[in-house]
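Student: can't give you the sequence, but here's the structure:
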Ligand code: FES
(Lines give C-alpha, C1' and ligand atoms only; values in the text may rest on other atoms or scores of the structure.)
Protein backbone atom coordinates (compact mmCIF):
# COMPACT_ATOMS: atom_id res chain seq x y z
CA UNK A 1 0.00 0.00 0.00
CA UNK A 2 1.08 3.54 -0.67
CA UNK A 3 0.84 5.30 2.72
CA UNK A 4 0.09 8.65 1.06
CA UNK A 5 -2.99 7.43 -0.79
CA UNK A 6 -3.90 4.15 0.91
CA UNK A 7 -3.88 2.74 -2.62
CA UNK A 8 -1.73 -0.14 -3.82
CA UNK A 9 1.53 0.99 -5.42
CA UNK A 10 1.52 0.62 -9.18
CA UNK A 11 4.99 -0.93 -9.01
CA UNK A 12 6.16 -3.04 -6.14
CA UNK A 13 9.68 -1.70 -6.58
CA UNK A 14 11.03 1.07 -8.76
CA UNK A 15 14.73 1.57 -9.45
CA UNK A 16 16.15 4.76 -10.93
CA UNK A 17 19.63 4.91 -12.43
CA UNK A 18 21.43 8.22 -12.74
CA UNK A 19 22.65 8.41 -16.34
CA UNK A 20 23.80 12.00 -16.16
CA UNK A 21 26.58 13.02 -18.54
CA UNK A 22 28.63 16.13 -17.84
CA UNK A 23 30.80 17.72 -20.47
CA UNK A 24 32.64 20.11 -18.16
CA UNK A 25 35.10 17.61 -16.73
CA UNK A 26 33.25 17.13 -13.46
CA UNK A 27 32.55 13.59 -12.29
CA UNK A 28 29.30 12.05 -13.44
CA UNK A 29 27.67 8.64 -13.42
CA UNK A 30 27.68 8.33 -17.23
CA UNK A 31 31.47 8.19 -17.33
CA UNK A 32 31.36 5.26 -14.91
CA UNK A 33 29.34 2.94 -17.09
CA UNK A 34 25.87 3.90 -15.87
CA UNK A 35 24.22 3.39 -19.26
CA UNK A 36 25.56 -0.15 -19.61
CA UNK A 37 24.50 -0.91 -16.06
CA UNK A 38 21.01 0.42 -16.71
CA UNK A 39 20.78 -1.69 -19.88
CA UNK A 40 21.94 -4.78 -17.99
CA UNK A 41 19.45 -4.24 -15.15
CA UNK A 42 16.58 -3.65 -17.55
CA UNK A 43 17.40 -6.80 -19.53
CA UNK A 44 17.89 -8.98 -16.44
CA UNK A 45 14.69 -7.81 -14.77
CA UNK A 46 12.84 -8.65 -17.95
CA UNK A 47 14.60 -12.00 -18.38
CA UNK A 48 13.65 -12.95 -14.83
CA UNK A 49 10.03 -12.01 -15.51
CA UNK A 50 10.07 -9.36 -12.78
CA UNK A 51 8.96 -6.43 -14.94
CA UNK A 52 5.49 -4.97 -15.21
CA UNK A 53 2.68 -3.49 -13.13
CA UNK A 54 2.66 -4.81 -9.59
CA UNK A 55 6.26 -5.88 -10.00
CA UNK A 56 9.47 -4.03 -10.92
CA UNK A 57 10.17 -0.99 -13.09
CA UNK A 58 13.65 0.13 -14.18
CA UNK A 59 13.95 3.81 -15.13
CA UNK A 60 16.54 6.32 -16.28
CA UNK A 61 17.12 9.44 -14.23
CA UNK A 62 19.14 12.60 -14.54
CA UNK A 63 21.52 13.71 -11.82
CA UNK A 64 20.31 12.55 -8.41
CA UNK A 65 22.73 14.94 -6.69
CA UNK A 66 24.75 12.23 -4.99
CA UNK A 67 27.49 12.27 -7.60
CA UNK A 68 30.34 11.72 -5.13
CA UNK A 69 29.11 8.15 -4.68
CA UNK A 70 28.58 7.50 -8.35
CA UNK A 71 27.48 5.57 -10.16
CA UNK A 72 24.29 5.60 -8.13
CA UNK A 73 20.81 4.11 -8.27
CA UNK A 74 17.90 4.34 -5.85
CA UNK A 75 15.14 1.82 -5.13
CA UNK A 76 11.68 2.85 -3.94
CA UNK A 77 9.56 2.46 -1.89
CA UNK A 78 12.42 1.72 0.51
CA UNK A 79 14.50 4.72 -0.59
CA UNK A 80 17.58 2.50 -0.64
CA UNK A 81 20.50 4.29 -2.33
CA UNK A 82 23.12 2.15 -3.99
CA UNK A 83 26.52 2.49 -5.51
CA UNK A 84 27.76 -0.34 -7.68
CA UNK A 85 30.94 -1.36 -9.45
CA UNK A 86 30.20 -4.27 -11.71
CA UNK A 87 27.57 -6.69 -12.95
CA UNK A 88 27.92 -8.88 -9.90
CA UNK A 89 26.85 -5.90 -7.77
CA UNK A 90 23.91 -5.21 -10.05
CA UNK A 91 22.85 -8.83 -10.05
CA UNK A 92 22.92 -8.86 -6.27
CA UNK A 93 20.70 -5.75 -6.14
CA UNK A 94 18.32 -7.32 -8.65
CA UNK A 95 18.14 -10.73 -7.03
CA UNK A 96 18.17 -9.72 -3.39
CA UNK A 97 16.33 -6.40 -3.37
CA UNK A 98 14.21 -6.12 -6.52
CA UNK A 99 13.16 -9.77 -6.54
CA UNK A 100 13.34 -10.85 -2.88
CA UNK A 101 12.82 -7.52 -1.08
CA UNK A 102 16.05 -7.68 0.90
CA UNK A 103 18.27 -4.57 0.51
CA UNK A 104 21.96 -5.23 -0.12
CA UNK A 105 23.58 -3.63 2.90
CA UNK A 106 27.14 -3.76 1.57
CA UNK A 107 26.28 -1.62 -1.48
CA UNK A 108 24.27 1.10 0.30
CA UNK A 109 25.58 4.64 0.00
CA UNK A 110 26.75 6.23 3.21
CA UNK A 111 24.19 8.85 4.33
CA UNK A 112 26.65 11.72 4.11
CA UNK A 113 27.51 11.16 0.44
CA UNK A 114 26.23 14.05 -1.62
CA UNK A 115 27.31 15.96 -4.66
S1 LIG B 1 25.86 12.63 -11.92
FE2 LIG B 1 24.91 10.86 -11.05
S3 LIG B 1 24.16 11.55 -9.14
FE4 LIG B 1 24.95 13.33 -10.07
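Tutor: Done, it's in. Remember, it's a predicted structure, so these values are computed and weren't measured experimentally. Numbering: from 1, shown residues only.
Student: What parts of this protein come near the ligand?
Tutor: Within reach of the ligand by Cβ under 6 Å from any ligand atom, the chain has these residues: 18, 20, 28-29, 63-67, 70, 72. (Each C-beta comes from the backbone N, C-alpha and C, glycine too.)
Student: Quick one: buried ones out of these?
Tutor: Burial by neighbour count, 16 or more other Cβ atoms under 10 Å: within those this picks out 18, 20, 28-29, 63-64, 66-67, 70, 72.
Student: Filter the residues you listed down to just the ones in strands.
Tutor: Using DSSP state E, the members of those that fall in strands are 18, 72.
Student: Any regions of this protein where pLDDT drops low?
Tutor: Counting by pLDDT under 70, the chain contains low-confidence ranges at 1-5.
Student: mind listing the strands for it?
Tutor: Counting by DSSP E, the strands of the chain are 13-18, 56-61, 72-76, 80-83.
Student: Remind me what the last one packs against, helices and strands.
Tutor: This means strand 80-83. The elements that strand 80-83 packs onto, with contact taken as 3 or more Cβ pairs under 8 Å, 6 or more residues apart in numbering; DSSP states H and E, are strand 72-76.
Student: same thing with the first one?
Tutor: With contacts defined as 3+ Cβ pairs under 8 Å, 6+ apart, the packing partners of strand 13-18 are helix 34-47, strand 56-61, strand 72-76.
Student: now that strand: how far from the chain's centre is it?
Tutor: Offset of strand 13-18 from its chain centre (Cα atoms, centre = their mean, to the nearest Å): 4 Å.
Student: now the last one
Tutor: Here strand 80-83 shows a centroid-to-chain-centroid distance of 7 Å under the convention Cα atoms, centre = their mean.
Student: before we move on, what about the second one?
Tutor: Distance of strand 56-61 from the chain centroid (Cα atoms, centre = their mean) equals 7 Å.
Student: How about residues contacting it?
Tutor: The contact list for strand 56-61, computed with Cβ atoms under 8 Å, 6 or more residues apart in numbering, reads 11-20, 38, 41-42, 45, 50-51, 98-99.
Student: how much space between the spatially most central residue of the chain and residue 107?
Tutor: For the chain, residue 73 is the residue whose C-alpha lies nearest the centre (Cα atoms, centre = their mean; 3.2 Å). As for residue 73, its distance to residue 107 is 9 Å (criterion: Cβ to Cβ, to the nearest Å).
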